[in-house]
Structures are given as C-alpha cells and as structure tokens.
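J.: Based on what follows, work out the 3D shape:
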Amino acid sequence: MAATPNEVHVYAGTGGHSAWFSDDAGETFVHPNSHSGMYLEARVWSIATHLATPERLFAGSDQGIFRWDEPAARWTHLPSPMQDVWAVAVDPGNPDVVMAGTRPARFWRSADAGQTWSPLIAPNIIPASDVNAGPTRVTQILFDPVDDGTVWATVEIGGIYRSRDRGATWEYRDKGLVSGDVHGLAVLKPPGGAKVLLATTNRGLHRSEDNGETWAFQELPSPWPYSRSVVPRADNSGVVFITNGNGPPGNDGFLLRSRDYGKTWENARLPGPLESTVWCVATNAADPMLLFACTNLGELFRSTDGGETWKRLPHVFGELRALHWRALPPGTRRAAHALTRPVQKAKELGWAAA
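T.: Alright, predicted model coming up:
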C-alpha cells in the first residue's frame, strides 16, 4: 500500500495581522483569532521549525516569542526577557536549542525549547542608530550549514556577527561592507571550492570567501540596490535567490536567481507587475523544487520546478514579513483553528450581486 503523501503547510507572518496558515500549499489561508493564543493583530517577524519536532513551531513577534503546538492548533506565549523578537533559529543539531534576536539588537539562547532564556554578549552592538533615527534590530540568525558550531547574525543597522562556539562568544565582522544595514546572509559550499558567504544590505550584495573576515561588494542586475533575503535552494545545487526592490515597502521589485553559487545573477521573473519589494523566499529540503516567495505588501507566489517558473497565488496579504513551509504527515494537526467566522465568499452562500 502506498504511503499517504505529506501535507504542505505554509505559514505567513504579517506586519499587523499575526500569523496565517495554509494546509493546501498556499492556495487558501486561514487567520486564527486571539483565542488561538496570539493576539490577532500581532506583528510576526520570524518563523522557525525543526524536522525532528513536527509538533511545534517558533515565531518571533512584537509581543515576544511564541510556540505553535500543531496537534492542538494553539499558540503558547513563552515568558522571556525579550519584548520584540525579530529573528528566530533552531539549532539543526538539537531541536531544543533556540536562538533569537531582538529589537533593540541583542542575542538570546534557550537550551530547553524556549522555556528559559540567557543573554549572549556581543561586541559593538548598540541599541539605536543615527542612520535610521531608531532602534537597531537583529534581522537573521543562521546556523552555519558547513561548519558545525558556527552561528551568524545580521543586524540592521549594525553589521555582521560570527560565533564559532554556538553563540557563547561573538566576533564583529564588517570589513569591506559598504553599509552596516544588513538584512540577510547565506552560507554556500561549492563542490571542491571554498565556503562562500553572501550578505544583503540596503546598498546591495556582498560576498566573502574567507569565512567573513572580509567582504567585497558585488553588482546585481537590478536598478534597485535594496536587497532583503538571500536564500539558497535546499539542495546545494548552486541555485540561490535574492529578494530585491526599491525600498521598504517600495512599489517595485525583483526576485533574482543565481545558478552558480552567487557568482552571476538573473531575473527569476515573478509574474507581475509587482507592487512592492520582494521580501521572502521559503525553501525546504523535504522538496527543494517547491518554493514560495512574497512581496512586502502581500503578493504571494509558488514554484514547483525549483524556481524556473512561478504562479501567483490568489491570497493577497496586507504586509508580509515572514514565510515558511514544511511537509507534515496527515493528521498532525488534530484540532480546529480558533476562527471567529468561517472563511467564505458570498458566491459560496448562493449570493448573487444585483
């Protein structure tokens, strides 16, 4: 008897309408209300999971950090010293080790799946910047997929940090950056070559081939320097994506693709026109050919061929800040979402406009 295929669950974090959920690969979404455990107008900045723990998911928000319990379909607020959590990452080697970054920028670590948290001390981090006349924030935390024990963090506005002891100590690595307004980072390992790092900023892309000791500016084929996420496809094929546009939120954008570990770039041609900067790309090793992308102002796209072609999905959000997907065995969720009213269209009720 053939195994039942897994369900593709997509999670979208918004800038003011909490988190949305799709069980059908993004075709439709539901929006749980506050009875789900998270205020329905929360701002969700980051979402992270681990393959070994399909029953849970972590989300960083403007109200702290939350754990989603998939079987119960409910959020639990995890008490912590953190108020505004912009970045969350789970250690690939231990699903109970979670790292988080906040606004103002600070790093935190939990060794018990978010029940307790310890601060991590990093040099040169400042709580506010004159550049944006506001607080700094941690935009990404990344466990290095090549060098076990190394962790990277990007700070807006504050540069790049590296830890080689799983976050116990940190080094500031900004030599060669043309801007300290860093948004995203990726680690790549070309076959037979040295490890490559790519970092995105408000002024463009940077590349390092010496483990972050120095960075070199790299031109992109776009009229807009503003770049947000940099995401390798989850098959180490050399395919990498950068989200790009004319600022947050902007009114134009591109999804750029590299086929050679970030050496050269081309337009991945999302079906347009696009009305804001492209913001997120979601990939998963469960199916590297399945990708999701979104713009800052809520347009959503899906590719089933590794990013060669894209389909615009019907749901349009207000503002998207996080996008994540994973494959779950059918029946992992065993309870209904907490919804105030069913998600319906008038025509489904038999209503015909006059």
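J.: Do a quick rundown of the strands in the stretch 101-250 of the chain.
T.: Assigned by DSSP state E, counting those that start in this stretch, the strands in the stretch 101-250 of the chain fall at 107-110, 118-120, 128-129, 134-135, 137-143, 151-156, 159-163, 171-172, 182-188, 196-201, 204-208, 216-218, 227-232, 240-245.
J.: Need those in CSV (columns: mean pLDDT, distance to residue 14 and mean neighbour count).
T.: Glycine gets a C-beta too; all of them are placed from N, C-alpha and C. Below are the strands of the stretch 101-250 of the chain laid out as CSV (pLDDT from 0 to 100; distance: least, CB to CB, whole Å; neighbours: other CB atoms under 10 Å):
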stretch, mean pLDDT, distance to residue 14, mean neighbour count
strand 107-110, 98, 23, 22
strand 118-120, 97, 28, 15
strand 128-129, 92, 25, 16
strand 134-135, 94, 21, 14
strand 137-143, 98, 17, 25
strand 151-156, 98, 19, 26
strand 159-163, 98, 27, 24
strand 171-172, 97, 32, 14
strand 182-188, 98, 18, 23
strand 196-201, 98, 21, 25
strand 204-208, 98, 27, 22
strand 216-218, 98, 31, 14
strand 227-232, 98, 16, 24
strand 240-245, 98, 17, 27
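J.: What ranges in the stretch 251-354 of the chain fall below the confidence cut-off?
T.: Low-confidence segments of the stretch 251-354 of the chain (pLDDT under 70): 354.
J.: In a markdown table: the strands of the stretch 101-250 of the chain, plus distance to residue 273.
T.: A markdown table is the format used below for the strands of the stretch 101-250 of the chain (distance: least, CB to CB, whole Å):
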| stretch | distance to residue 273 |
| --- | --- |
| strand 107-110 | 39 |
| strand 118-120 | 43 |
| strand 128-129 | 33 |
| strand 134-135 | 31 |
| strand 137-143 | 27 |
| strand 151-156 | 27 |
| strand 159-163 | 33 |
| strand 171-172 | 40 |
| strand 182-188 | 23 |
| strand 196-201 | 23 |
| strand 204-208 | 23 |
| strand 216-218 | 27 |
| strand 227-232 | 19 |
| strand 240-245 | 12 |
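J.: out of these, nearest to residue 76?
T.: strand 107-110 (13.7 Å; CB to CB).
J.: Give me the residues contacting that closest one.
T.: For strand 107-110, contacts defined as CB atoms under 8 Å, 6 or more residues apart in numbering pick out 80-82, 96-102, 116-120, 122, 138, 141, 153, 161, 167, 170.
J.: And for stretch 16-30?
T.: Residues outside stretch 16-30 that contact it (CB under 8 Å, 6+ apart): 7-14, 31-32, 38-44, 47, 59, 61, 68, 290, 292, 300, 302, 313-315, 317-319, 325, 333, 337, 339, 343.
J.: repeat that for 6 Å
T.: Here stretch 16-30 makes contact (CB atoms under 6 Å, 6 or more residues apart in numbering) with 7-10, 12-13, 31, 38, 40-44, 302, 313, 315, 337, 343.
J.: and it, which residues are buried?
T.: For stretch 16-30, burial by neighbour count (16 or more other CB atoms under 10 Å) applies to 17-23, 25-26, 29.
J.: May I have that stretch as PDB, with CA atoms only?
T.: The C-alpha coordinates for stretch 16-30 follow below in PDB (Å, rounded to 0.1, in the frame of the first residue of the first chain):
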ATOM      1  CA  GLY A  16      -0.200  43.600  11.900                       C
ATOM      2  CA  HIS A  17      -2.500  40.600  11.400                       C
ATOM      3  CA  SER A  18      -0.400  37.900  13.300                       C
ATOM      4  CA  ALA A  19       0.200  34.500  11.500                       C
ATOM      5  CA  TRP A  20      -1.800  32.900   8.800                       C
ATOM      6  CA  PHE A  21      -1.900  29.200   8.000                       C
ATOM      7  CA  SER A  22      -2.400  27.100   4.800                       C
ATOM      8  CA  ASP A  23      -2.800  23.300   4.600                       C
ATOM      9  CA  ASP A  24      -3.000  23.200   0.800                       C
ATOM     10  CA  ALA A  25       0.300  24.600  -0.400                       C
ATOM     11  CA  GLY A  26      -0.800  28.200  -0.300                       C
ATOM     12  CA  GLU A  27      -4.000  28.000  -2.300                       C
ATOM     13  CA  THR A  28      -6.100  29.100   0.700                       C
ATOM     14  CA  PHE A  29      -5.200  30.600   4.100                       C
ATOM     15  CA  VAL A  30      -7.000  30.900   7.500                       C
END
